[in-house]
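Novice: this is the structure alone, sequence omitted:
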């Protein structure tokens, strides 16, 4: 039955994978989390790579959108706040290095704006 559906192009691994990547990006998930989910569904590496290029799945592009959606504008007054943000970004599937870099840059921007006041 499944073979018949695949032959008629009603069931397609590529279409499924494309839908999954698109949906997870819209939900704010990062590359590591998306890759893990695609592997769970036995999507091959070549297809994954093509989809990641097509949708520009990388930390730099999506991390900023994910952070702003969750936190908006947050003052970095407490270390706990920074740790909470780091844990959130890691949970969403962004790399530790990218999340750390992003939070460092935000902290620098925050301190620069405080010096100007």
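Specialist: Ah, there it is. Note that the coordinates shown come from a computational prediction; the quantities given were computed from them, not determined experimentally.
Novice: what mean pLDDT does the helix or strand where residue 47 lies have?
Specialist: For residue 47, the host element (DSSP states H and E) is helix 45-54. Mean pLDDT, helix 45-54: 93.
Novice: against which helices or strands is the following helix or strand past that helix packed?
Specialist: Following helix 45-54 in sequence order, the next helix or strand is helix 59-71 (DSSP H and E). Counting contacts by 3 or more Cβ pairs under 8 Å, 6 or more residues apart in numbering; DSSP states H and E, helix 59-71 is packed against helix 79-92, helix 96-116. Where you see a C-beta, it was placed from the backbone N, CA and C, and this is true even at glycine.
Novice: look at the most centrally placed residue in the chain and report its pLDDT.
Specialist: For the chain, the residue nearest the mean C-alpha position is residue 30 (1.5 Å; Cα atoms, centre = their mean). Looking at residue 30, its pLDDT reads 93.
Novice: show me the domain layout of this protein.
Specialist: Using automatic domain parsing, the domain ranges for the chain come out as 1-56, 58-117.
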